[in-house]
Structures are given as structure tokens and as C-alpha cells.
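Participant: below are the sequence and a predicted model for it; my questions follow.
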Amino acid sequence: MSHDPLLHRLAQLNWPTPPADHPDPAPGQLWRSTWNGVASIVVTLAPPTGRNVAVAVASADQTGDEGTVVADTLLGMTVAVWTTITADIKFFTLEHRITDLTAASLDTVLDVRLNGTPGAWVPIVDELDDRALIRADLVDRIEALANADWLPETPTAVATVGDLAAQASITPSILARELGITPGDARRLTQGHRAPSPTEISALTELLGAVPASTATFDEALVASMDAPEFRPALQLVADRHHAGDDVAARRSFAGTMMAMAARPREQGPRNWRAMIRDALLHED
Amino acid sequence: MASGLRDRVAGGVIDEAFVEAARGVARKLTGSRPGPSSSPRGWSADDIDDLIHDAVVKVGPDRIVLAANAASNDVEFREWLSTTVRSVLDSRAGRTPTGRVIRAMDDASREEPGRFVLTRGYWALTNDDRSASWREGRAPLVRLAWTIPTTTVQISAGAAKTPPMAYRRDIRAVAAAVLELAGPLRKVDLAEVLAERFNALLAARFDYLDLDTDEDAPPGPGTPDIAGSTADDDAARWMLGQLTADERRALGVLAAPGGSIRQLMAHLGCTKYRAELIHRRLTEKVRRLAELSHDDDHAATARLLEILGHHDDLRRSLDQDEPRDVA
């Protein structure tokens, strides 16, 4: 135990301890959202739709515009919720939950957002108003988070490895031999279950006579399951251990592995991706 | 980047790392300021600890935990901590935003005693015989205040020392419009409206310079005064105090050959949206300075850069004697 007198004095104060947990997103939760070095605190406004959840930006500063509400939380903290700065973000950007808004505060937030009830501050009508700088900073952050994704972008090349291989009458076993990979891995490449690596792309271009689309097609349900906040810490660990901290590469690689595992014979019934991901990530803890 | 300090504070854990970070920030900020009255020879270790404790109590542990959750990394969190401690230092120096604005209003009205009258703590226009009855709150008054064109952007931390060339005229213009609508207003209520209109509440956050300016009325344009400066120099110094830290950086980037929004984005590490906003604000402020000094925008920019250069030299020389805050 430290004998630092300042630490002792500070420890007497009432410090809130956020749960920092990872539940499924639900309206009224206050989250820390981060991706690629950008962070913001956000309030979830609605249940998730697909991979997305609607959020409003929140701020520790007690300032805002005409749509900003001072909201109370269950931990006793108050946050300024900017209902004029909202976005649909993918919920894999939700790092951990800080706390929840009180029911009354969530009602107020939704009322201001949906009905235009005046918030706690006056509108920002002049760009020389310093609040415009705060708003711009918050907008910057939420836009970066709203544009975040770990799935490959729409490919510029149209033909997939499978298309080009079929045209060139190249079988997976030839592909396996030429690339120095297993036939099963080659099949996953031709079926679009994994993306070719940068070195494989150059070898494939030479072999197939054209640049293949460098995307993999992952099962949508797998992607949505991997996006769940509960998996973020373990996937972050995978990124740190095996991909030099590259979250995107880690998730793509992990999704490829999961697709390969899913291709194995299994019992009848719908696939439980969450259970499979949980099992696969157990080894990383 | 690892965020050990930020991570722990975000979880509500206050340990030696937080205390040392806060001390580092406080030492850096107090380096160039006179010590508290109990320590006439400077800031003792106990004074620094008292300052940190005051800052934490004033801001509140809950906001510190939230700020740690909102910060991207340790560097951002330390910047926030620095702003917080600076606010408390300003506040200790008797420079609370509202107090500052009340003094500024007093100064501004003294120059036109026939226009404003202060009766039992209420400001009013001299020809207004209404009784105090404004019940609509502050919002409509702030909204109206923002419609009044002014040269002043931000009320200086040392308001009483600000040259009256444009500053007090602006305060009077806004105060007159607000009192015209509201009728007599309590001193503190009018000050709060003016504080919002002149960005007094966020001064510490945006790191406005507190330049030591002359209280006396300046000489005529272009006329050297005793110290060798001119009214135009005074205007430029005053306008420099109206620029945020990012705007001062932008001034150098945009004035350099080939300076562009893209370069500004890279320099400030921000998106086009924010860079363009800063560019527009800076352009507007330079234009206002040019109007004051009857120059064109280029000459006004050059004058600001010249003073900024001197100021940066001064700051660098001071910083060399202060402990560095290594993130």
C-alpha cells in the first residue's frame, strides 16, 4: 500500500468504477467506442440492426448545443449527450460499457432527438463560437467510427479466384501445388472462404492471367457474431499476439479459420456461430 | 499506443501513476506562475499536491473517469488533465469566467456612463424605465447576442488589461442589445450571457494566450508609442489572444508557401471538416484584424506571425527550465 499523501487524499473521494463489461447493445447504454486509434463515448439509442447500432455522441464536458441533454447515469455520473450528433456504428467498435443512463434520462434524450424538444444549451449559430470546435471534434470522431469496418472493401477486380481458375481450367490441386498450400486451403481460396495474401495475389495473377478480387466471402451470421462486443477483448488479444496489433488482419484471418471449421461435417440444425467462436477463442485466454 | 494510465483511470482506478502524471502536469503549468501566498518563493511539493486535490474535487472524480473513457490514449488524457489543472489555476487567480466578464462589463460601461446604469445590482439602459421582469431564461438572450457583429471573439483572461480599442465597444454593443430586449438584468445574469457570447467559458480548453496588453487607450494608427510599438502592433497582439492554440498552429501552416487544408489536416491530425472550420475561423479573425489596422489580410497575417514568433521564442526559453511532460 502506498504512503503517498496525495494518493491517500484522492482515495478518500468517491470514484465511480464502471463495469467495463461487454453485453449485447441495448438502448440507453453508455459505451466507450474505439477503432484504429479513435475514441468516443456514445449512448445507444435503439436495438442493433444487422451489424449496426444507432448511437448519439456523449461528452464529459458540460457544454453542448440546442440538442444536447445532460443525462444522469446509474453510476451517478452525468454526461452531455449530443442528440444532434448521431450515427450508425458497427457494434464491434464498442470496446466496453461504462454504465447505463437512467430510464428518465434516456426518455429525455429520445424526446429531444425525436421531437426536437430544446436541450440544455442554445444553438451554435456562429462558427466563431468555440462550441463549434468541440462539435467538430466530436463529429470527426464519430465519422471515423461510423466508417470503421474490418471486412474487405468492395473489390476493384471483379473476377474471383474461383472464376479465374475455372476459366483457366486450373483445379484446386494445381493451385495448391503452385502456391505451396494444402488442397483444402486451395479449395477455400476458390470458394471465396478466405482472401489471398499479398504474396499469393502476385502468384495467382501470374498463374491465372488476371488480378483476382482479393476479398473473401464470410457468412453474414458469422460476421455479425464476431462483431459482438463480448468477443472484442479476445480478438484484440489475437491481434496483439499474432498480427502485430492489426485488428483488421486478425479478424479477417479468424473469420477465415471459422469458415474452414464450419466446412467440416457437423450435426443437423442451425450453426451456432457464437458457440463456435467462443470455443475457438478459449485457447487465446 | 499503450494507454496504461488512461485504461486504469477509465476503470476508476487511481494509483501512483495517476498521481505522478498529475504532478507532472501541475509542475509544468505552475512553472511560470507565481506561487500561492503561503509560498512566496514558488511552488512547494505540498502546494502542487493541494492544487491537484483542488482540481480533482472541483471537476469531480466522475468526470475524470468519463474523460479517461472518452480519450483515445494516454496523450489525449494528459492533455485533458492539463486543461483541467490550468482552469483551476485560473480560477485561483480570481479569473473565473463570470468574474472576468463582470469586470469587463464594468470597464466597458465606465467609458459610456450615459448609456448604461447599474442600480442595486441590475444593469439597464439609461433610458429604460421598465422594471426587472425577464422570465424567458438565458437562451433567447444568448441567441440574440450572437447576432451582434463584433471584432472580439474571446474575452481575455486578463480582461481588465485588454486594450479598449475594439473590445469594450463590442461588449457595450452586445450588452445594449441584450438589455434592450430583456430590460434590467442582474449583473451576474448579463455576465453569463456575455460569457457565452465571448467564449469565456472555454478559454482554458482551447489554450488562448494571455498576452500582457496595455490598459491605456492606444495611440492613433501607425503612431509609435513610448515603447516603440504602434496601435497596429497592439491590435495584432490583442488579436493573437483571440486565437486558439490550433488556430495559432494553423496560421503558420497556411501562411507558409504551398500551405493547404491538406497540410493543415496532417499538421493537426484532424479531418477535412475540422481543418476547414479552423481555416474559416482563422480567415475571419485575420479579416477583423485587417479592418482594425486598415491593412490587407496578408499584412495582418504577417504581423500576427511576427508577434507569434517572438512569443514562441519566449515560451521555448521558459519551457527549457521546466520539467517535460513526457507522454
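Facilitator: Cool, got the structure.

Participant: return the residues of the stretch 1-150 of chain B in contact with chain A.
Facilitator: B:1, B:10-16, B:18-19, B:23, B:49, B:52-53, B:56-57, B:61-63, B:65-67, B:69-73, B:76, B:138-139, B:142-143, B:146-147 (Cβ under 8 Å from any Cβ of the partner chain). From N, CA and C alone the C-beta is placed, and that goes for glycine too.

Participant: which element is residue A:217 on?
Facilitator: For residue A:217, there is no enclosing helix or strand under DSSP states H and E.

Participant: which bits of the stretch 101-250 of chain A sit near chain B?
Facilitator: A:118, A:121-123, A:125-134, A:136-137, A:139-140, A:143-144.

Participant: so which of those are in helices?
Facilitator: Members of these lying in helices (criterion: DSSP state H): A:131, A:132, A:133, A:134, A:136, A:137, A:139, A:140, A:143, A:144.

Participant: all helices for the stretch 151-285 of chain A, in order.
Facilitator: Secondary structure of the stretch 151-285 of chain A, counting by DSSP state H, counting those that start in this stretch: helices at A:161-167, A:172-179, A:183-190, A:198-208, A:220-227, A:232-242, A:247-262, A:273-282.

Participant: give the buried residues for the longest one.
Facilitator: The reference is to helix A:247-262. Under the neighbour-count criterion of 16 or more other Cβ atoms under 10 Å in any protein chain shown, helix A:247-262 has A:247, A:248, A:249, A:250, A:251, A:252, A:253, A:254, A:255, A:256, A:258, A:259 buried.

Participant: next, residue A:71: secondary structure please.
Facilitator: Three-state call for residue A:71 (DSSP: H, G, I helix; E, B strand; the rest coil): strand.

Participant: now list the buried members of the residues of the stretch 1-150 of chain B next to chain A.
Facilitator: Burial of the residues of the stretch 1-150 of chain B next to chain A was assessed by neighbour count (16+ other Cβ under 10 Å); the buried members are B:10-12, B:14, B:18-19, B:23, B:49, B:52-53, B:56, B:61-63, B:65-67, B:69-73, B:76, B:138-139, B:142-143, B:146.

Participant: OK, contacts around residue 189?
Facilitator: No chain was given, so I picked chain A. Residue A:189 is in contact with A:161, A:162, A:172, A:175, A:179, A:181, A:196, A:200, counting by Cβ atoms under 8 Å, 6 or more residues apart in numbering or on different chains.

Participant: switch to chain B, that's the one I care about
Facilitator: B:134, B:138.

Participant: quick revisit: can you tell me which of the ones in helices among the residues of the stretch 101-250 of chain A next to chain B comes closest to residue B:200?
Facilitator: Residue B:200 has its nearest neighbour among those in residue A:131, at 12.4 Å by Cβ to Cβ.

Participant: quick check: the closest one touching residue A:66?
Facilitator: No - the criterion here is Cβ atoms under 8 Å, and residue A:131 misses it with residue A:66 at 10.6 Å.

Participant: any idea which helix or strand of chain A has the worst average confidence?
Facilitator: Using mean pLDDT, DSSP states H and E, helix A:198-208 stands out as the lowest-scoring helix or strand of chain A, at a mean of 78.

Participant: can I see the domain layout of the chain?
Facilitator: Since you didn't name a chain, this refers to chain A. A:11-146, A:161-208, A:220-282 (automatic domain parsing).

Participant: wrong one, chain B
Facilitator: B:4-92, B:97-204, B:231-319.
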